[in-house]
Each structure stands twice: as structure tokens, then as C-alpha cells.
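Chemist: how does the following fold in three dimensions:
(one chain, ligands or ions: 1)
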Amino acid sequence: MKNIQERKERRWMLERKLASSDVPKEEQINLIKDLERKETEFMRLKRHKICVDDFELLTIIGRGAFGEVRLCREKKSGDIYAMKKLKKSEMLMRGQVEHVRAERNLLAEVASHCIVKLYYSFQDAEYLYLIMEYLPGGDMMTLLMREDTLTENVAKFYIAQSVLAIESIHRHNYIHSTTRK
Ligand SMILES: Nc1ncnc2c1ncn2[C@@H]1O[C@H](COP(=O)(O)OP(=O)(O)OP(=O)(O)O)[C@@H](O)[C@H]1O
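Modeler: Numbers count the residues shown, from 1 in each chain. This next block holds a predicted model:
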């Protein structure tokens with residue numbers, strides 16, 4: 001009962017905040033839908049502690065700084081995701097814990113079509129896991145390696161998307177930095 005009341009209050013507070021903002025109507029609807037999606041997900045997670053065994057591991061689709069990224073299938077729903085695995089000892093050794101925490105929080109918080117969606121995050125003794133939407137096109141680096149040169153129109157499109165992505169994270173008080181120690 002308490003949970004339902006708190007959920008209603010969060011929705012009411014968001015609606016009130018949006019009503020006094022200049023966020024376009026369509027985006028307001030999306031933000032409210034997004035809150036509802038997160039609330040439902042949260043309730044589901046409260047009932048069941050999700051772990052790596054809930055996923056069938058498929059092919060490796062990339063390598064990150066702290067481990068592999070795999071295609072995976074959630075056993076219960078059959079849904080496909082990208083699973084990014086981060087080795088904790090490696091993150092600690094390279095002093096990157098706060099960066100990774102910020103990445104996880106940012107992905108969980110920011111609702112933008114230009115930012116990859118994070119559906120779950122969990123950990124075991126050795127790894128952190130980020131379960132994200134699977135983006136079959138891969139990243140910019142892969143695109144540049146494949147295409148070598150982009151036409152002006154294509155370059156404009158990706159630059160515009162990057163600007164929108166960076167703007168959406170700034171709105172949540174995160175800054176984007178491309179360098180790592
Ligand atoms: N959601 C996703 N969908 C599809 N492929 C992905 C996804 N996330 C990551 N990948 C693939 O895995 C690779 C590594 O992921 P990512 O860049 O997020 O790791 P990282 O630790 O930030 O790596 P780095 O710091 O070296 O860029 C990407 O270059 C991309 O090819």
C-alpha cells in the first residue's frame with residue numbers, strides 16, 4: 001500500500017514539474033511513460049533479484065575497457081539485450097569505480113532516444129553487469145571503420161544525434177568526457 005502511494009506521489013511530482021516547465025507536450029508524455037516503465041520494472045525487481053543465470057549468453061558483440069559485451073536472451077521473456085560485463089578488480093585497479101558508477105546511474109536516469117537504454121544492473125562477486133538495449137548498428141567507431149568516409153548528410157545526422165545525446169545528459173547534470181586515465 002505504501003509503495004503504491006509513493007509511486008503515485010512520484011508521478012504527481014513529475015507531472016507538476018513538467019507542467020511548469022517548457023518541455024514540449026510530446027516529450028512530457030514520453031517522460032511520464034518512462035517513469036511508469038521504471039516504476040513497473042522496479043516493482044518487478046523488488047520481487048525477484050535478477051542475476052546472470054536469468055540470461056542465456058549468446059555471441060560476443062564487443063569488448064569494453066573492463067570486459068566483454070555479449071548478446072543475451074532473457075530466459076523468462078525471450079527478449080534480446082546486450083550484456084556488458086565489467087570486472088570489478090580491474091575497475092578498482094584502474095581507479096575507475098566512480099566513472100563506472102556515473103555511467104550506470106546516467107543510463108538508468110536519462111530517458112533519451114539518443115542514449116542507450118539500461119534495463120537492469122546487478123553484480124556478483126567478480127563482475128558488474130549492465131543489461132542494455134541491443135543496438136545492432138554498433139558504435140561510431142565501427143561505423144567509421146566500415147565506411148571510412150561519411151557523406152556530409154550522414155555526418156550531419158550523427159553530429160546532430162551526438163549533440164542531442166550530450167544535451168540530454170547535461171540536463172541531468174552529467175558532463176561527457178572522452179578521456180580516461
Ligand atoms: N548496447 C549495445 N548494443 C550493441 N553493441 C554494443 C552495445 N554496447 C556496447 N556494444 C559493443 O561493445 C563495444 C564496447 O562497449 P563500450 O564502448 O560500451 O565499452 P567501454 O568499456 O565503454 O569501452 P571503451 O571505453 O573501450 O569504449 C562497443 O564498441 C560496441 O561495439
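Chemist: ok, which stretches of this protein are helices?
Modeler: For the chain, the helices defined by DSSP state H cover 2-19, 25-47, 88-93, 97-109, 140-147, 152-171.
Chemist: how about CSV for the ones you listed, with distance to the ligand and mean neighbour count added?
Modeler: C-beta: built from backbone N, CA, C; applies to glycine. Output for these, formatted as CSV (distance: least, CB to the nearest ligand atom, whole Å; neighbours: other CB atoms under 10 Å):
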stretch, distance to the ligand, mean neighbour count
helix 2-19, 26, 12
helix 25-47, 17, 13
helix 88-93, 10, 13
helix 97-109, 8, 15
helix 140-147, 6, 11
helix 152-171, 13, 12
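Chemist: quick one: neighbours of the closest residue in space to Arg63 that isn't next to it in sequence, just the number.
Modeler: Of all residues not flanking Arg63 in the chain, Val69 sits nearest, at 6.9 Å (CB to CB, 6 or more residues apart in numbering). Here the number of neighbours of Val69 (other CB atoms under 10 Å) works out to 18.
Chemist: give me every residue that touches Val69.
Modeler: Going by CB atoms under 8 Å, 6 or more residues apart in numbering, Val69 touches Ile60, Ile61, Gly62, Arg63, Ala82, Met83, Lys84, Lys85.
Chemist: just send the helices of the chain back as CSV, with mean pLDDT too.
Modeler: Formatted as CSV, the helices of the chain follow (pLDDT from 0 to 100):
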stretch, mean pLDDT
helix 2-19, 84
helix 25-47, 85
helix 88-93, 94
helix 97-109, 90
helix 140-147, 89
helix 152-171, 94
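Chemist: relative to Tyr127, which of these is closest?
Modeler: Ranking the helices of the chain by proximity to Tyr127 (CB to CB) places helix 88-93 first, at 6.4 Å.
Chemist: what packs against the closest one?
Modeler: strand 127-132 (3 or more CB pairs under 8 Å, 6 or more residues apart in numbering; DSSP states H and E).
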